[in-house]
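> need a structure here:
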Amino acid sequence: MDSIIEINDLSFSYPDGKVALREISMTVMPGEKIALVGANGAGKSTLLLHLNGIFEGSGKIIINGMLLKKKNLGLIRALVGIVFQNPDDQLFSSTVFDDIAYGPIYQGLGKLAVQQRVHQALNAVHMDEYAERIPYHLSGGEKKRIAIATVLAMQPQILILDEPTAGLDPRARRELIELLQELPQTMLIATHDLELAESLTPRTILMNCGKIVADDTSARILHDEALLIVNGLK
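Numbers count the residues shown, from 1 in each chain. Now for the predicted structure:
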């Protein structure tokens, strides 16, 4: 089976000179669910934002057989959906329906196709009755689900999630993990939530100072106390 993501020697520095990624190489197979863990500043979010061209470093990224470069950006961004840590960054319309419809409309779909995409996305996150709700009146957990639905409506093959359980109460956190377990997309999840990683992602990649320091089963990495301590996670 061919990989869906291949990264070779990716390095990146911010304009102020801070080095964020150092020669990152990794391969992701279709359907894998992978946690990216590490202390603040390890490079997790920076790495994820390279996968649909928001950031551009040196090295090579191949998404579903396509080299990530300007002429392929439109096709790649249709494949890679990003769910940001703060759902308010993705919810800006007067109704849930309008927020979820925005992506399919931008893709050029007709009215009936847009309606179908919206209802499919709401069904996938178990919020079928929320189409006419006002996003700003939703709870934190509900907003997270709708933010995911806005991405699912564009039918991506890859889901990128940045700290999906941040700010959620225990019940909303548990329900979100259960939801993510149901979704079939390939997932890369940047998280400090080690319990999420253990229960949701069979594979964990540990980062520190812009480098991958471990890439193994979640069980091995997350139960290696010394490894977690030296990399700022305990």
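
> just the helices in this protein please.
Taking DSSP state H to define them, one finds helices in the chain at 44-48, 73-79, 96-106, 111-124, 140-152, 170-182, 194-200, 218-222, 225-230.

> Any idea which residue is closest to the centre of this structure?
Nearest to the centroid of the C-alpha atoms of the chain, with distances taken as C-alpha atoms, centre = their mean, sits I160, at 1.6 Å.

> Q90 and L49, how far apart?
Distance, Q90 to L49, by C-beta to C-beta, to the nearest Å: 15 Å. C-betas here are computed from N, CA, C, even on glycine.

> Oops, could you answer that again for S199 instead?
For S199 relative to L49 (C-beta to C-beta), the value is 25 Å.

> So for those two, which sits in the more crowded spot?
Shown here are S199 and L49; by other C-beta atoms under 10 Å, L49 has more neighbours (19 against 14).

> Can you give me the neighbour number for the closest residue to that one other than its chain neighbours?
In space, and not counting its chain neighbours, L49 is closest to F55: 4.8 Å by C-beta to C-beta, 6 or more residues apart in numbering. Close neighbours of F55, defined as other C-beta under 10 Å, add up to 17.

> residues in contact with F55?
Residues in contact with F55 (C-beta atoms under 8 Å, 6 or more residues apart in numbering) are F12, T46, L49.

> quick revisit: want to try a markdown table for the helices of the chain, with mean pLDDT and distance to L21 as columns?
Below are those laid out as a markdown table (pLDDT from 0 to 100; distance: least, C-beta to C-beta, whole Å):
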| stretch | mean pLDDT | distance to L21 |
| --- | --- | --- |
| helix 44-48 | 95 | 6 |
| helix 73-79 | 92 | 18 |
| helix 96-106 | 95 | 28 |
| helix 111-124 | 97 | 32 |
| helix 140-152 | 96 | 24 |
| helix 170-182 | 94 | 25 |
| helix 194-200 | 94 | 20 |
| helix 218-222 | 96 | 20 |
| helix 225-230 | 96 | 20 |
